[in-house]
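Q: need a 3D model of the following:
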Amino acid sequence: MDKIAKDVGDIKSRLLDHRPVINAEIRFFVREFEEKRGNRESRLLENLNKMVREANDQIMSVNLEETNQQLSDVSKRLEAANHVAERVQQRELEAQKGSQLQANMEKLKEDWAEFLKEQQVLKEEVDEEHARAVGELGTRFSEKKKDLAQYSFI
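A: Model prediction:
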């Protein structure tokens, strides 16, 4: 009975358990694929790599020329914008100088008017002092004239 159970187990495993056969087939397929297909794939990849490099070189040269042209255009526009900005800044500076010059002129006029007032006050003081000194000298002179007249009659 033992032998029959063993034979039945063998038959069952051969009929229903296909793992060893499938594993062997998979290994065979992978080995064949790697041997036959591997060289084709590497050649195909090398060809693709070569085509990509050539395309990059062509595109890079075209893109480099276009980029240089665009950079040149941008540079020209930037220079023009800088020139306009400098002109605007110069106008603002001139306007600011003009308003500052106007303010300075107003201050100078005010200072000049104040100076003239001070000079007028000083002139009046000097005129008063002169008039007083002339008056004092006139009285002294008349006193001396009287004194001299007295001595000349004696």
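
Q: number of nearby residues for Asp111?
A: Per other CB atoms under 10 Å, the neighbour tally for Asp111 reads 10. C-betas here are computed from N, CA, C, even on glycine.

Q: look up phi and psi at it.
A: phi -60, psi -40 (degrees, to the nearest 10).

Q: so where's this structure uncertain?
A: 1-6, 14, 17, 36-39, 153-154 (pLDDT under 70).

Q: centre-most residue in it?
A: Centroid-nearest residue in the chain: Asn82, 12.2 Å away (criterion: CA atoms, centre = their mean).

Q: quick one: secondary structure of that one?
A: With DSSP: H, G, I helix; E, B strand; the rest coil as the basis, the three-state label of Asn82 is helix.

Q: quick check: the gap between it and Thr67.
A: 22 Å (CB to CB, to the nearest Å).

Q: ok, Val21 next?
A: For Val21 relative to Thr67 (CB to CB), the value is 62 Å.

Q: just the helices in the chain please.
A: Applying DSSP state H to the chain gives helices spanning 2-16, 19-32, 38-153.

Q: can you give me how far the last one is from the chain middle?
A: Right, the one you point to is helix 38-153. Helix 38-153 sits 23 Å away from the centroid of its parent chain (CA atoms, centre = their mean, to the nearest Å).

Q: Val52: neighbour count?
A: Count around Val52 with other CB under 10 Å applied: 10.

Q: any idea how far it lies from Glu66?
A: 20 Å.

Q: now swap in Val21 and tell me
A: Taken as CB to CB, the span from Val21 to Glu66 is 62 Å.
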